[in-house]
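**Student:** Build me a model from this:
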Amino acid sequence: MGTAGRSARNAGWELAGERRWRRQDLANFLQALALAALAAEACAAEFSHRVHIALKLECVTCHVSAAASRRVEDNNLPPREVCLKCHQDATIKQPRPTALAHFSHQQHVRVRPCAGCHRGIETSEVTSKANFPPMADCVVCHNRVEIPNSCWMCHAKTMRLTPESHVPDFIDSHSRVKHSAEEKRSCEVCHGRNFTCAGCH
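**Tutor:** As a prediction, the model looks like this:
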C-alpha cells in the first residue's frame, strides 16, 4: 500500500476518533448540565435557617402567623408572598403532620424565645426532628403531667409515645451510659422522679 493509501486510512481513523471524542464531549456536557439542574433544584427545595438568621432576620419576619397561632393545625410556614419580598422565586413546602393534638404557639412565645424550643435552629441547614423540642423540655414547665393518664391532653392518640430507645430488648441492651443523669431525666418524663432500678429490672 502506498503512502497515499495509508494517509487516507489514517485520516479515516482520525475522523472516527474525532467523532468519538465529540460524542464523549457532548455526553460529558449533557451529564454536567443535568447535574447542575439537579443541584439548582436541590438548592431551591432546601431552606437554610442558618443563612436567614445570619442576615439578622427575626423568626416572625418569615413565620408571620406563629405568634398568633393557637391551634396545632395552623400552618405557620411562611406564605409565598413573604419569601417573594426578598427572593425572585420560592417553593414552599407543606408542613409536616404533627403528633400533637393541642398546641398554642401564642402561649409559648410569651414565655420563651423561638430557639428555646426549636434548639439548634440557628445553625440548621435543613430543619429536622432535632429542631423540635423533646418532651423532657416540655415538662420543665408542664411538670404536673400524670403519665400515662394525661398524655392525650397534648398528644394525638395515634402517636407512639415510647422513645426510639425502647426496642423489645431494651432492658437487656442498655448500658451504664444509659444510666447517666441526663438519660435519667429523660426516663423521669414517663416514669416519674421516684422510679427505681427494681421497677424495670
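**Student:** alpha carbons only for contacts and neighbour counts from here, please
**Tutor:** Fine.
**Student:** low pLDDT regions in this protein?
**Tutor:** 1-45, 97, 145-149, 163-186, 189, 192-201 (pLDDT under 70).
**Student:** Domain parsing of it, as residue ranges.
**Tutor:** Split into domains by automatic domain parsing, the chain comes to 1-45, 49-133.
**Student:** how about the helices of the protein, start to end?
**Tutor:** For the chain, helices defined by DSSP state H occupy the ranges 3-45, 49-54, 59-62, 80-83, 105-109, 114-117, 135-141, 170-173, 181-191, 197-200.
**Student:** got the buried residues for the fifth one?
**Tutor:** Applying a neighbour-count criterion of 16 or more other Cα atoms under 10 Å, the buried positions in helix 105-109 are H105, H108, V109.
**Student:** How much space separates V82 from A130?
**Tutor:** Distance, V82 to A130, using Cα to Cα, to the nearest Å: 25 Å.
**Student:** Run a quick neighbour tally on L57.
**Tutor:** Neighbours of L57 under the rule other Cα atoms under 10 Å: 12.
**Student:** do you know how far it is from F47?
**Tutor:** According to Cα to Cα, L57 stands 14 Å off from F47.
**Student:** burial measure for the nearest residue to I92 once chain neighbours are set aside, as a count.
**Tutor:** With sequence-adjacent residues excluded and distances taken as Cα to Cα, 6 or more residues apart in numbering, I92 is closest to R80, at 6.4 Å. If you count neighbours by other Cα under 10 Å, R80 ends up with 15.
**Student:** for the one 10 residues further on, same thing?
**Tutor:** A90 sits with 15 neighbouring residues when counted by other Cα under 10 Å.
**Student:** That one reaches R80, doesn't it?
**Tutor:** Yes: A90 is within contact range of R80, at 6.4 Å (criterion: Cα atoms under 8 Å).
**Student:** Tell me the buried residues in stretch 91-111?
**Tutor:** For stretch 91-111, a neighbour-count test (16+ other Cα under 10 Å) marks L100, A101, F103, S104, H105, H108, V109 as buried.
**Student:** dump the residue contacts of the last one.
**Tutor:** Contact analysis of V109 by Cα atoms under 8 Å, 6 or more residues apart in numbering lists A67.
**Student:** Fine by me, we can end here.
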